[in-house]
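**Student:** Predicted model, plus sequence, below.
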Amino acid sequence: MNDLALLLTPEGRALLDEVRDTAPADELAVATRLRREHPAELVSAALGQARLRQRAAAKFGAADAGRMFFTPNGVEQSTRAGVAAYRAERFTKLGVTSVADLCCGIGGDAIAFARAGIRVLAVDRDPVTAAVARANAEALGLAELIEVREADVTEVDTGGYDAVFVDPARRGGRGRIFDPEAYSPPLSWAIGAARTAPRAALKVAPGIPHEAVPADAEAEWISDGGDVKEAVVWFGTEPGAVRATLLPGPRTLVGKGLPDPEVRPVGRYLYEPDGAVIRAHLVAEVAEHLDGGLIDPTIAYVTADELRPTEYASAYQISDQLPFNVKKLKALLREREVGTLTVKKRGSAVEPEELRRKVKPQGPNAATVFLTRVAGAPTMLVGAPATPPAATALP
């Protein structure tokens, strides 16, 4: 709290501008020089904040990150700006004009809500975190739309708001928390809070079991740039619906309740579904669109004989199928003069770097090898990315 107060002074803000682009290797020399003119505590706070802003640029963009304030946990746990903006857009399309943002952290989602024109009550019980959220609302010119309150979210009356958004803490002293009832607050409390509002969204870990999603809720898994970021349990939308949303876009695949695809021999093409599709259990919807099947009942790779467009999976043309054998793979890659080797794995204990060291790829060509199982047998599939015609949305 003291560091933030120092940085919000005119001297602190000027110092932040001065150290903005300081490289880690230069910090000691810069700190030594600045301490001749500024208090050591302020210099340390400014350099630490500059370091956090540099890290935060990947989530918030350089322009916003360069004006915002962060804590180490805030950088780690805050929502990526593109994901928060997508969620805010969903709320606005549902007619939401005000939201109670419970467990607001440093204010990443509150900022997105306010920029979408939604009035926000942002609540966090940690005094430092709440102060940072307040400073961020002011720094980005959104203070009129964001009220930050330091309080226990379980004691906040959300009755005057169109919607509730809850982002429970999913990390503890020992790292990530996988049991939803060990979240802070627990998922059961968040569900109860959600049901008191016309609309609600609960941000949860993407590994949440499907059976933990209430029957009167919608479940959405979101990926950004191919990385699965979160799952969201929605209330007041489409009860029982399951969807996978890929950003940027957005591109959204809604489940149709299809049975698992049949297992078939490896065809000419292999499709790797996006992680959000896999987490949402919507591989069958992709396989139906591709007229494909699975290579193994437990592996989320789809195989097909035709190259078809899809927004929800990456396509590869398979040239070779080998039983798992490092020596045979090494000989094949040497024959093909493969020097750039991409290794993907699903259902294999072998680490990609370990395989790359053993086969020692050399040459001007590139290839992709999949370490996986085919009909239960350890298998290596060798191929290369395939570019289908322009992708179209699934029906």
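**Tutor:** Cool, got the structure.
**Student:** okay, CA-based contacts and neighbour counts for the rest of this
**Tutor:** Noted.
**Student:** Now do the SS call for the residue nearest to residue 271 when sequence neighbours are not counted.
**Tutor:** Nearest non-adjacent residue to residue 271, counting by Cα to Cα, 6 or more residues apart in numbering: residue 315, 4.5 Å away. Of the three states, residue 315 takes strand under DSSP: H, G, I helix; E, B strand; the rest coil.
**Student:** The biggest helix by length in the chain: which residues count as buried?
**Tutor:** Of all the segments of type helix in the chain, defined by DSSP state H, the longest one is helix 40-60. Using 16 or more other Cα atoms under 10 Å as the test for burial, helix 40-60 gives 42-57, 59-60.
**Student:** sorry, back to before: show me what contacts the residue nearest to residue 271?
**Tutor:** With contact taken as Cα atoms under 8 Å, 6 or more residues apart in numbering, residue 315 is in contact with 269, 270, 271, 272, 307, 385, 386, 387, 388.
**Student:** Now name the helix or strand holding the fourth one.
**Tutor:** Counting by DSSP states H and E, the element that carries residue 272 is strand 269-273.
**Student:** continuing past that strand, what's the next helix or strand?
**Tutor:** Assigned by DSSP H and E, the successor of strand 269-273 is helix 275-279.
**Student:** Looking at the contacts of residue 315, which is nearest residue 359?
**Tutor:** Using Cα to Cα, residue 385 is the member of the contacts of residue 315 that lies nearest residue 359, at 20.5 Å.
**Student:** Got the confidence number for the closest one?
**Tutor:** At residue 385, the model reports a pLDDT of 95.
**Student:** cool, residue 390 as well?
**Tutor:** The model's pLDDT for residue 390 equals 62.
**Student:** picking that back up, quick one: the following helix or strand past the longest helix of the chain to chain centroid distance?
**Tutor:** Per DSSP H and E, the first helix or strand lying C-terminal to helix 40-60 is helix 62-65. Centroid separation between helix 62-65 and its chain, computed with Cα atoms, centre = their mean, to the nearest Å, is 19 Å.
**Student:** what sits up against the helix or strand following helix 62-65?
**Tutor:** The helix or strand immediately downstream of helix 62-65 is helix 72-77, counting by DSSP H and E. Applying Cα under 8 Å, 6+ apart, the external contacts of helix 72-77 come out as 52, 55, 56, 105, 106, 129.
**Student:** Check which helix or strand the last one maps to.
**Tutor:** Taking DSSP H and E as the criterion, residue 129 maps to helix 127-139.
**Student:** Give me the buried positions along that helix.
**Tutor:** Quick answer for helix 127-139 (16+ other Cα under 10 Å): 128, 129, 130, 131, 132, 133, 134, 135, 136, 137.
**Student:** Next, find the distance separating residue 41 from residue 12.
**Tutor:** Distance, residue 41 to residue 12, using Cα to Cα, to the nearest Å: 11 Å.
**Student:** That'll do, ta.
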